[in-house]
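Undergrad: got a sequence here, can you build the structure:
(chains A and B)
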Amino acid sequence: MTEDEFAAYQSLSEETGDHRWAFGTGFTDPLEGIDASVPDGVDAAALTAYCLALGDDALIYSHRLQQWMTRMPELEEETALANIALDLLGQARMLLARAGQAEGRGRREDDLAFFRDEHEFRSVRLAEHTDADFAQLAGRLLVFSAWRLALFGRLTASADPVLAAIAAKGANELAYHRDYAAQWVIRLGDGTPLSHDKMAAALGVIWPLTDELFQADPVAARLPGVAADPAELRAEVDAVLDAVLGAATLDRPQGAPLARVAGKAGRDGVHTEPFGYLLAELQSVARAHPDATW
Amino acid sequence: MEEPRVHSGWPLYEVFLRGKRGLNHVHVGSLHAADAQMALRHARDLYTRRNEGVSIWVVAAADITASSPDEKDPFFAPSGDKVYRHPTFYQLPDDVPHM
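TA: Have a look, this model is predicted:
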């Protein structure tokens, strides 16, 4: 870079100091300086479980996206996906930190991310799905971000101010994720006969995982005014998906939802087989070197 | 003349960013994309990760007409000795502010 180009870059990023970085340049507590108390009348145990579930969705989904790194078809797409994975990781950090605060037993985000076992993770099974190809990556991200954006849109009015702030920050990120995924679903669906067929097949694989997103959640039911009722999100998400699928000349897949196991699914800590492998990769370094810093 | 072959297969776009202080759009680099809309999103993902800009322009590199290095002298040398084109021969009155 020449001196002039460097000067241009400097003038573009005119602000100095830490505040323009997402979390500063050091990795401290993501909720540092924020009032940690749980509002009066809010069930702290339920708030803990609720933040944990939403944080787990983001943590597990982010890890699945990170596994695509170095495998994307274009350098530009790789950076786009890395950005999305980092956004979700940021959401996971704040939500897990909030869960730790509400729990009040001194567990921090890292304790919750790296030192819980599979049955203690409350993420929906859509988050842990392994994308077999780029079409599944795009289709799954469309469903996940459309759903999570609808959810966060409601949580911005949550009676827990910390959760409301996390949702407000995340909503902008999710709006971009949804836009990114929708662009690709339309591009592939309305592309060549081959790309159309691959996109349709991908949606057929993803769709059985979507029903779980709207299932009644006993934890949310204990948090009136704080949490959002999953069933309420369906109409908004369906409208978005229908608009995208219409533009992509794709039909909404018909297929039975992925079966629950003895009535349980992701929110109950019951996951699909690949989850264990994902968790091993996610946690092995932290468990081999507890409390290490780098 | 045949277009130089690029690895990507996607055409090249040039990216211009405007920072927050109302500066001009400044050329910051280039990227590959299938079309202009994709180029805009790629530009957002590649060049605004560190909060650099509030406005992005993308232009297909093929649409830029550039002066040739071979024409450098006929283009630019004649202006080198025209000092009277610089507004340096005026006496500024003392009470003119902001100059």
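
Undergrad: so the closest residue to residue B:67 other than its chain neighbours is in which element?
TA: Nearest residue to residue B:67, sequence neighbours excluded (CB to CB, 6 or more residues apart in numbering or on different chains): residue B:75, at 5.7 Å. Bear in mind the C-beta positions are built from the backbone N, C-alpha and C, glycine included. Using DSSP states H and E, residue B:75 sits within helix B:72-76.

Undergrad: what do you get for residue B:58?
TA: Here residue B:58 is covered by strand B:55-60, with elements defined by DSSP H and E.

Undergrad: so what strands line up beside that strand?
TA: Strand pairing for strand B:55-60, using DSSP bridges, gives strand B:12-18 (antiparallel).

Undergrad: dump the following helix or strand past the strand it pairs with to CSV, restricted to CA.
TA: Downstream of strand B:12-18, the first helix or strand assigned by DSSP H and E is strand B:26-32. Below are the C-alpha coordinates for strand B:26-32, written out as CSV (Å, rounded to 0.1, in the frame of the first residue of the first chain):
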residue,chain,number,x,y,z
VAL,B,26,-12.4,7.0,-2.4
HIS,B,27,-11.2,4.0,-4.4
VAL,B,28,-10.3,1.3,-1.9
GLY,B,29,-9.9,-1.8,-4.1
SER,B,30,-11.6,-4.3,-6.3
LEU,B,31,-13.4,-7.6,-6.1
HIS,B,32,-15.1,-10.3,-8.2
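
Undergrad: show me what strand B:26-32 is packed against.
TA: When contacts are defined as 3 or more CB pairs under 8 Å, 6 or more residues apart in numbering or on different chains; DSSP states H and E, strand B:26-32 packs onto helix A:3-12, helix A:75-103, strand B:12-18, helix B:36-47.

Undergrad: okay if I get those as JSON lines plus mean neighbour count and distance to residue A:146?
TA: Formatted as JSON lines, these follow (neighbours: other CB atoms under 10 Å in any protein chain shown; distance: least, CB to CB, whole Å):
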{"stretch": "helix A:3-12", "mean neighbour count": "13", "distance to residue A:146": "32"}
{"stretch": "helix A:75-103", "mean neighbour count": "22", "distance to residue A:146": "14"}
{"stretch": "strand B:12-18", "mean neighbour count": "21", "distance to residue A:146": "28"}
{"stretch": "helix B:36-47", "mean neighbour count": "20", "distance to residue A:146": "17"}
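
Undergrad: among the ones you listed, which is nearest residue A:238?
TA: Closest approach to residue A:238 among these (CB to CB): helix A:75-103, 22.8 Å.

Undergrad: show me what that closest one is packed up against.
TA: Using 3+ CB pairs under 8 Å, 6+ apart: helix A:75-103 touches helix A:44-66, helix A:109-114, helix A:161-189, strand B:26-32, helix B:36-47.

Undergrad: tell me which other helices or strands the second one touches.
TA: Looking back up the chat, that one is helix A:109-114. With contacts defined as 3+ CB pairs under 8 Å, 6+ apart, helix A:109-114 has these neighbours: helix A:44-66, helix A:75-103, helix A:274-288.

Undergrad: please name whichever of the ones you listed is nearest to residue A:267.
TA: Closest to residue A:267 of these is helix A:44-66 (CB to CB; 6.0 Å).

Undergrad: near chain A, which residues of chain B are found?
TA: B:8, B:10, B:17, B:19-21, B:23, B:26-28, B:31-34, B:37-38, B:41-42, B:44-46, B:49-53 (CB under 8 Å from any CB of the partner chain).

Undergrad: mind running it again at 10 Å?
TA: B:7-10, B:13, B:17-21, B:23-24, B:26-29, B:31-35, B:37-39, B:41-54 (CB under 10 Å from any CB of the partner chain).

Undergrad: returning to that earlier point: okay if I get the helices and strands packed on helix A:75-103 as TSV plus distance to residue A:214?
TA: Output for the helices and strands packed on helix A:75-103, formatted as TSV (distance: least, CB to CB, whole Å):
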stretch	distance to residue A:214
helix A:44-66	14
helix A:109-114	26
helix A:161-189	17
strand B:26-32	38
helix B:36-47	29
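
Undergrad: quick one: closest of the ones you listed to residue A:275.
TA: Residue A:275 lies closest to helix A:44-66 among the helices and strands packed on helix A:75-103, at 7.8 Å (CB to CB).

Undergrad: quick one: buried residues of the closest one?
TA: Within helix A:44-66, the residues scored as buried using 16 or more other CB atoms under 10 Å in any protein chain shown are A:46-66.

Undergrad: next one: the spatially most central residue of chain A from chain B, what distance?
TA: Geometric centre of chain A, nearest residue: residue A:58, 3.0 Å, by CA atoms, centre = their mean. Remark: distance between residue A:58 and chain B (CB to the nearest CB, to the nearest Å) = 19 Å.

Undergrad: quick one: contacts for that residue?
TA: A:85, A:87-96, A:123, A:127, A:144, A:148, A:170, A:174 (CB atoms under 10 Å, 6 or more residues apart in numbering or on different chains).

Undergrad: mind redoing it with 6 Å?
TA: The neighbourhood of residue A:58, defined by CB atoms under 6 Å, 6 or more residues apart in numbering or on different chains, consists of A:88, A:91, A:92.

Undergrad: give me the local confidence score for residue B:48.
TA: If you check residue B:48, the pLDDT there is 87.

Undergrad: cool, residue A:93 as well?
TA: Looking at residue A:93, its pLDDT stands at 94.

Undergrad: next: residue B:82.
TA: For residue B:82, the model assigns a pLDDT of 81.

Undergrad: check residue B:6 too.
TA: 50.

Undergrad: same check on residue B:24?
TA: 88.

Undergrad: how about it, phi and psi?
TA: Per-residue torsions, residue B:24: phi -70, psi 160 (degrees, to the nearest 10).

Undergrad: skip the chain neighbours and tell me the closest residue to it.
TA: residue B:18 (6.9 Å).

Undergrad: show the contacting residues for the one you found.
TA: B:25, B:53, B:55.

Undergrad: check residue B:56 too.
TA: Residue B:56 touches B:17, B:43, counting by CB under 6 Å, 6+ apart.

Undergrad: looking at it, residue A:50 is touching residue A:221, isn't it?
TA: No: with contact defined as CB atoms under 6 Å, residue A:50 does not reach residue A:221; the gap is 10.4 Å.
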